[in-house]
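> The following block contains a protein sequence and its predicted model.
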Amino acid sequence: MTCFKEQEKMYMIQMAGCQFVAGAKRALVMDLHRGRFQPVPVHLKELVETYNGKQLGNIYMEFDADQHNILDEYLRFLLKEEYIFLSEDAADAVRFIPLPLTTAHYSPADNAIIDMDAQSGFDAVQLVHQLTALGCEQIQVRAYSPLPVRELLALAAATTETVCRCIQFIVPYDDHFKTADWNRLFTGHERIGSITCYGAPGNSTDHYVEGLIPIHFIEQMITGENHCGIFHPHYFISNASHFIESHRHNTCLNRKIAVDKAGYIRNCPSMPQHYGHVSTTTLQEALNNPVFRQHWHIHKDMVQTCRNCEFRHVCTDCRAYLEDPHDGCSKPLKCGYDPYTATWTDWADNPLKQAAIAFYEIDIPCSA
Ligand code: SF4
Ligand code: SF4
């Protein structure tokens, strides 16, 4: 078993992509380059952050002899996971600069949601044209009634040769839709990122275009916008751009624009305030309204409970469904995690959330 004390001249250097976040009970370590994260003791975070760039000999001197076994164990773990490396060269400590927490954006809106149902009277293709002209890179179309193939084709075609990198569809399951229809949809529409078909007979995933485009079939029914905003570790994101954004901006609503199924422009289809109807207001005009951006800057360190959660920089946020609907910095309603005990429970069963569930008229709470 390695005893690092014998490598006393070596410097411990934290990898730039390794980031620690302290929570109320434990910490999280993230590998932003590999997209991984895992809970660790707060002491491990303190060890790396306190002694980053120091020689192992000096680190061991700071601890009593009976703690050296634990120190060995921590260092073995950190090296195995490649959160740190050892170097003979002191200059490496300054060469590996911390991750800058700023980023440049060139478009006023980079992600969008368009909701549609059988009564939606607007031209969704025209909205996609507006979005791509604004520089929108990710568009999600959520249909609450069947969307004919020709409409799916037209929406996908509207993203071709534009700045849009990904268009996702959430549509009701339709057993008339055959493999040939999917192939027709994907041919020449390389911006399609994924399709989710809800209300399917079972849960499964098919892949098309040499495995690049997944079609998710899920049994769950999605009957409206209030199915959004659920928190689960499956949805956590560990990468540099999410990490950077989460320090200063809201990780759901920042530079998001949406059109609800009735055609009103909102921050997201579930937010109460609208900024005009698409029949009389362009998306650019809505974005020009300074009030439209008020939620963009509510980040996790401002949100109750989340600010003490070790997951706050891999989690997204929700400002539409809150534990306290009258407090804009309240914890998201649909999260069942308690960072003070490090346990998950079903948010919908929590007696303290029942008043908010009734307030938002969420009649069929989904399991967290
Ligand atoms: S704010 Fe909440 S409801 Fe709106 S898109 Fe984000 S997660 Fe969904
Ligand atoms: S407490 Fe907040 S940061 Fe933590 S998992 Fe829930 S929503 Fe995310």
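Received it, and whenever you're ready, just let me know what you need. Ligands and ions are numbered 1, 2, ... in the order given.
> any chance you could map the strands in the stretch 101-250 of the chain?
With DSSP state E, counting those that start in this stretch as the definition, the stretch 101-250 of the chain shows strands at residue ranges 111-116, 138-143, 166-172, 192-198, 204-208, 213-218.
> For residue 19, see how far away residue 145 is.
According to CB to CB, to the nearest Å, residue 145 and residue 19 sit 43 Å apart. For every residue, glycine as well, the C-beta is placed using N, CA and C.
> Apologies, that question was intended for residue 141.
Separation of residue 141 from residue 19 (CB to CB) stands at 34 Å.
> re earlier: which stretch among the strands of the stretch 101-250 of the chain comes nearest residue 358?
Between residue 358 and the strands of the stretch 101-250 of the chain, the shortest separation by CB to CB is 23.3 Å, and it involves strand 111-116.
> Neighbour count: residue 145 and residue 19, which is higher?
residue 19 (22 against 12; other CB atoms under 10 Å).
> residues in contact with the more buried one?
If you count contacts by CB atoms under 8 Å, 6 or more residues apart in numbering, residue 19 has them with 29, 30, 32, 99, 243, 313.
> Which helix or strand contains it?
Secondary structure here is read from DSSP states H and E; on that basis residue 19 sits in strand 18-22.
> what lines up beside that strand in the sheet?
Paired strands of strand 18-22, with direction, are strand 27-31 (antiparallel) (DSSP bridges).
> could you say what helices and strands whichever helix or strand comes after the strand it pairs with packs with?
Later in the chain than strand 27-31, the nearest helix or strand by DSSP H and E is strand 36-40. Using 3 or more CB pairs under 8 Å, 6 or more residues apart in numbering; DSSP states H and E as the contact definition, the elements that strand 36-40 packs against are strand 27-31.
> and the strand it packs on, how far out from the chain's middle?
Between the centre of strand 27-31 and the centre of its host chain there is 16 Å, according to CA atoms, centre = their mean, to the nearest Å.
> Could you check that strand against ligand 2 for contacts?
No: using CB under 6 Å from any ligand atom, no contact is recorded between strand 27-31 and ligand 2, whose separation bottoms out at 10.0 Å.
> For the stretch 151-300 of the chain, list the residues in contact with ligand 2, please.
For the stretch 151-300 of the chain, the residues in contact with ligand 2 under the definition CB under 6 Å from any ligand atom are 231, 300.
> same thing but at 8 Å, please
231, 236, 300 (CB under 8 Å from any ligand atom).
> What of the stretch 1-150 of the chain?
Proximity of the stretch 1-150 of the chain to ligand 2 is assessed by CB under 8 Å from any ligand atom, with residue 23 identified as the residues in range.
> Backbone torsions only: list them for whatever residue of the stretch 1-150 of the chain ends up closest to ligand 2.
Taking CB to the nearest ligand atom as the measure, the point where the stretch 1-150 of the chain comes nearest ligand 2 is residue 23, at 8.0 Å. For residue 23, the backbone dihedrals (degrees, to the nearest 10) come out as phi -110, psi -180.
> same deal with residue 252?
When read as degrees, to the nearest 10, the backbone of residue 252 gives phi -110, psi -50.
> Contact partners for it?
The neighbourhood of residue 252, defined by CB under 8 Å, 6+ apart, consists of 268, 316, 317, 318, 319.
> near ligand 1, which of these show up?
Near ligand 1, judged by CB under 8 Å from any ligand atom, the entries from the contacts of residue 252 are 268, 316, 317, 318, 319.
> The third one reaches residue 249, doesn't it?
No: under the criterion of CB atoms under 8 Å, residue 317 is not in contact with residue 249, lying 9.3 Å apart.
> what is in contact with these two at once?
Contact with both residue 317 and residue 249 is made by residues residue 299, according to CB under 8 Å, 6+ apart.
> Which residues of the stretch 251-368 of the chain lie near ligand 1?
Counting by CB under 8 Å from any ligand atom, the stretch 251-368 of the chain comes close to ligand 1 at 252-253, 256, 258, 267-271, 295, 316-321, 332.
> sorry, back to before: out of residue 317 and residue 249, which sits in the more crowded spot?
When residue 317 and residue 249 are compared on other CB under 10 Å, the one with more neighbours turns out to be residue 317, at 25 against 20.
> Enumerate every residue touching that one.
Contacts for residue 317 (CB under 8 Å, 6+ apart) come out as 250, 251, 252, 253, 298, 299, 300, 303, 306, 332.
> got a pLDDT number for the second one?
Which is residue 251. Confidence at residue 251, expressed as pLDDT, is 96.
> To which secondary structure element is it assigned?
Using DSSP H and E, residue 251 sits within no helix or strand.
> Is it correct that residue 76 falls within a helix?
Yes: with the criterion set as DSSP: H, G, I helix; E, B strand; the rest coil, the secondary structure at residue 76 is a helix.
> Could you check how far it is from ligand 1?
39 Å (CB to the nearest ligand atom, to the nearest Å).
> And that residue, how close does it get to residue 180?
Here the distance between residue 76 and residue 180 works out to 55 Å (CB to CB).
> Quick one: buried ones out of the residues of the stretch 251-368 of the chain next to ligand 1?
In terms of neighbour count (16 or more other CB atoms under 10 Å), the buried residues within those are 252-253, 256, 258, 267-271, 295, 316-321, 332.
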